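Enquirer: Turn this into a structure:
(2 chains)
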Amino acid sequence: MAPVPTPALCPASSWFCGKYITDRSHDIELAFQEHVSLTVGGVLIGLVISFGLALLARRARWLESIILGGSTILYTIPSLALLAILVPIVGLSQSRLAVLIGLVIYSLVILVRAFVTGLRGVPADAVEAARGMGFGSTRLLFKVELPLALPTIMAGLRVATVSTVAMTTLGVVVDHGGFGNLLDDAFAKSYRFEALTAAVLCVLLALVADLLLLAIQRLLSPWRRKAVAR
Amino acid sequence: MSIFSKTGNWFSDGANWHGSTGIPTQLGKHLELSGIAVGVAVIIAIPIALWLGHIGRGGALAINISNVGRAIPTYALLVLLFVAMGVFHRQLETLISLVAFALPPLLTNAYVGVREVDPRAKEAARGMGMTGGQVLRRVEVPLAMPLIMDGLRLAVVQVIATTTVAALIGVGGLGRFVVDGFNNNDPGEYTGGAVLVAALAVLFEGLFVLLQRQIDPVRRARRRGRVARRAHVEPQVELVD
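Expert: The predicted model follows:
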């Protein structure tokens, strides 16, 4: 990616450069928007697909082996390599889609495992009691199993989200890296403050997302709050 | 031309297999960087983690270091070190990043591995008169081995992936093909490089899975039991007159 031509704002060697924030705020905003939309898209789509895959894996031992085994292999492939394989498949003109698909795949791997482990950890007595009360499979899943599996699922969701925020930066190879684009610009210009800003903003984004999900988890499990309060 | 044929052409092009920018050279550089980084990370992380696990302290650090590590993009650390230390120290910048990202899985897994050793086994060892160090060496470490090896496997795969990313700051290795391929818009090159990197990572993961199966102490003990029973060893009795 060609570095954005800008007039010299401060010496690139200075670690602090207030002018960078004011003069390049538009680039920072664009990077932020791209980063957030890619991360949210990747994790949400991954969440939906992994839920489906987890339900599928529950039906048969061999399905579970294929799904978990296949996802382990995908997870082992370095993300930059996976992206490079996806780009020609979706076409260079759709490079943003390639980045999104890559992010979906990685969050999917983490989330499928979280769903399978979480649902498997639901106590058998709870399931039996619900069935005894006449719960059908769907009601059982949504009213009993998922709420009880929530801590495990949310833990996986937090890991997946934080990982996805970090991984989005690699989209820089096709100019869709969010804060990664700013990092690339900083690399090209040896621009210290830009590198620092991009890195800090990226980590902050991951932190905020993590705390947000923690808050959502607390909101979704009021019974735990009451137990702690006692 | 499909991506398969483009990639196939790149692999069959003899020029790509020779010289300082050829596949064997870059593979060598990749393995060299990765190997040094894993070695250094192991030397730093394992003793610390085993000791912390043995004395039962530093758990918060050991667990949370993985969470922190996950939040920092590898590319961000590489660029930060690059702008801090300059273009003439890229190998060192890369090594520092590689070690930094290899430490968390090693630390966390080794620590948890030792912590989760059955307390009854430790009690039995102490009851037999073992000192703390002997308990660590002869009981805790062998029982923690599966998790320690898991950590090592994660670290190796992480380092192979980060070395690939390091190509973005101009370092050698298989990532070179991916990055240069994108810059030159040569799909054969970047997909070819990607296949090589993916194959390397999956290969090491597979080797580790096999290795872990071989050295798992619980499985070894079971196997020894099976072999002894099968051989049906008769006790050798010496007749003394």
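Enquirer: residue ranges for the helices of the chain, please.
Expert: Defaulting to chain A. A:18-23, A:25-59, A:61-76, A:79-90, A:95-120, A:124-132, A:137-140, A:146-168, A:179-189, A:192-220, A:222-229 (DSSP state H).
Enquirer: nope, chain B
Expert: Here chain B has its helices, by DSSP H, at B:3-12, B:23-55, B:59-71, B:74-85, B:90-115, B:119-127, B:132-135, B:141-166, B:175-183, B:187-215, B:217-231.
Enquirer: got the angle for the fourth one vs helix B:90-115?
Expert: Interaxial angle, helix B:74-85 versus helix B:90-115 (axes from the mean of the first three to the mean of the last three C-alpha atoms, to 10 degrees): 130 degrees.
Enquirer: Could you list the buried residues of helix B:74-85?
Expert: B:74-83 (16 or more other C-beta atoms under 10 Å in any protein chain shown). From N, CA and C alone the C-beta is placed, and that goes for glycine too.
Enquirer: got it, and the shortest one?
Expert: Taking 16+ other C-beta under 10 Å as the basis for neighbour counts, the residues of helix B:132-135 that come out buried are residue B:135.
Enquirer: distance of the residue nearest to residue B:48 when sequence neighbours are not counted from residue B:65?
Expert: Closest residue to residue B:48 apart from its sequence neighbours, by C-beta to C-beta, 6 or more residues apart in numbering or on different chains: residue B:107 at 6.9 Å. As judged by C-beta to C-beta, to the nearest Å, residue B:107 and residue B:65 stand 6 Å apart.
Enquirer: Rounded mean pLDDT for stretch B:140-147, please.
Expert: If you average the pLDDT over stretch B:140-147, you get 92.
Enquirer: Out of the helices of chain B, flag the one nearest residue A:160.
Expert: helix B:59-71 (10.0 Å; C-beta to C-beta).
Enquirer: CA atoms only for the closest one - export them in CSV, please.
Expert: Only the C-alpha atoms of helix B:59-71 are listed here, as CSV (Å, rounded to 0.1, in the frame of the first residue of the first chain):
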residue,chain,number,x,y,z
GLY,B,59,-1.3,-17.7,39.2
ALA,B,60,-2.9,-14.4,38.2
LEU,B,61,0.1,-13.5,36.2
ALA,B,62,0.3,-16.9,34.5
ILE,B,63,-3.3,-17.0,33.5
ASN,B,64,-3.7,-13.3,32.5
ILE,B,65,-0.5,-13.1,30.5
SER,B,66,-2.3,-15.2,27.8
ASN,B,67,-5.3,-12.8,27.8
VAL,B,68,-2.9,-9.8,27.4
GLY,B,69,-0.9,-11.5,24.7
ARG,B,70,-4.1,-12.2,22.7
ALA,B,71,-5.1,-8.6,22.7
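Enquirer: isn't the residue nearest to residue B:48 right up against residue B:49?
Expert: Yes: the pair residue B:107 / residue B:49 is scored as a contact, 4.7 Å apart, by C-beta atoms under 8 Å.
Enquirer: any common contacting residues for those two?
Expert: Listed as contacting both residue B:107 and residue B:49 by C-beta atoms under 8 Å, 6 or more residues apart in numbering or on different chains are residue B:62.
Enquirer: Dihedrals phi and psi, residue B:86?
Expert: Dihedral angles of residue B:86 (phi, psi; degrees, to the nearest 10) stand at phi 100, psi 170.
Enquirer: Please identify the nearest residue in space to it, excluding sequence neighbours.
Expert: Nearest in space to residue B:86, with sequence neighbours left out and distances taken as C-beta to C-beta, 6+ apart, is residue A:190 at 7.6 Å.
Enquirer: what's near enough to touch that neighbour?
Expert: Residue A:190 sits next to A:12-13, B:82-83, B:86-87 when contact means C-beta under 8 Å, 6+ apart.
Enquirer: Let's check: the centremost residue of chain B is which one?
Expert: Taking C-alpha atoms, centre = their mean, the centroid of chain B lies closest to residue B:156, which sits 2.3 Å from it.
Enquirer: hmm, which helix or strand of chain B has the shakiest average pLDDT?
Expert: helix B:217-231 (a mean of 66; mean pLDDT, DSSP states H and E).
Enquirer: cool, and chain A?
Expert: Result, chain A / mean pLDDT, DSSP H and E: helix A:222-229, a mean of 62.
Enquirer: what about the nearest residue to residue B:152 once chain neighbours are set aside, distance to residue B:149?
Expert: Nearest residue to residue B:152 in three dimensions, chain neighbours excluded: residue B:106, at 6.6 Å (C-beta to C-beta, 6+ apart). Noted for residue B:106: a distance of 11 Å to residue B:149, by C-beta to C-beta.
Enquirer: in chain B, which ranges drop under the pLDDT threshold?
Expert: B:217-220, B:223, B:225-241 (pLDDT under 70).
Enquirer: can we see that at 80?
Expert: B:1, B:216-241 (pLDDT under 80).
Enquirer: now chain A
Expert: Short version for chain A, where the test is pLDDT under 80: A:1-10, A:222-230.
Enquirer: again, only this time at 90
Expert: Along chain A, the model assigns pLDDT under 90 to residues A:1-24, A:59-61, A:92, A:137, A:220-230.
Enquirer: Now do stretch B:79-88: everything it contacts.
Expert: So stretch B:79-88 is contacted by A:12, A:183-184, A:186-187, A:190-192, A:195-196, A:198-199, B:90, B:92-93, B:96-97, B:168-170 (C-beta under 8 Å, 6+ apart).
Enquirer: now swap in stretch A:78-98 and tell me
Expert: A:38, A:74, A:99, A:101-102, A:105-106, A:167, A:170-171, A:173-176, B:3, B:6, B:160-161, B:164-165, B:175, B:178, B:181-182, B:185, B:187, B:190-191, B:193-195, B:197-198, B:201.
Enquirer: repeat for stretch A:112-126
Expert: Contacts with stretch A:112-126, where a contact means C-beta under 8 Å, 6+ apart, come from A:50-51, A:53-54, A:57-58, A:64, A:67-68, A:71, A:144-146, A:148-153, A:155-157, A:159-160.
Enquirer: for stretch B:45-53, same thing?
Expert: With contact meaning C-beta under 8 Å, 6+ apart, stretch B:45-53 is reached by B:58-59, B:61-62, B:102-103, B:106-115, B:136, B:140-141, B:144, B:148.
Enquirer: List only those of those residues flagged as buried.
Expert: Neighbour counting by 16+ other C-beta under 10 Å classes B:58, B:62, B:102-103, B:106-115, B:136, B:140-141, B:144, B:148 among these as buried.
Enquirer: circling back: turn the helices of chain B into JSON lines, columns for distance to residue A:42.
Expert: Formatted as JSON lines, the helices of chain B follow (distance: least, C-beta to C-beta, whole Å):
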{"stretch": "helix B:3-12", "distance to residue A:42": "23"}
{"stretch": "helix B:23-55", "distance to residue A:42": "27"}
{"stretch": "helix B:59-71", "distance to residue A:42": "15"}
{"stretch": "helix B:74-85", "distance to residue A:42": "17"}
{"stretch": "helix B:90-115", "distance to residue A:42": "21"}
{"stretch": "helix B:119-127", "distance to residue A:42": "42"}
{"stretch": "helix B:132-135", "distance to residue A:42": "46"}
{"stretch": "helix B:141-166", "distance to residue A:42": "18"}
{"stretch": "helix B:175-183", "distance to residue A:42": "20"}
{"stretch": "helix B:187-215", "distance to residue A:42": "19"}
{"stretch": "helix B:217-231", "distance to residue A:42": "39"}
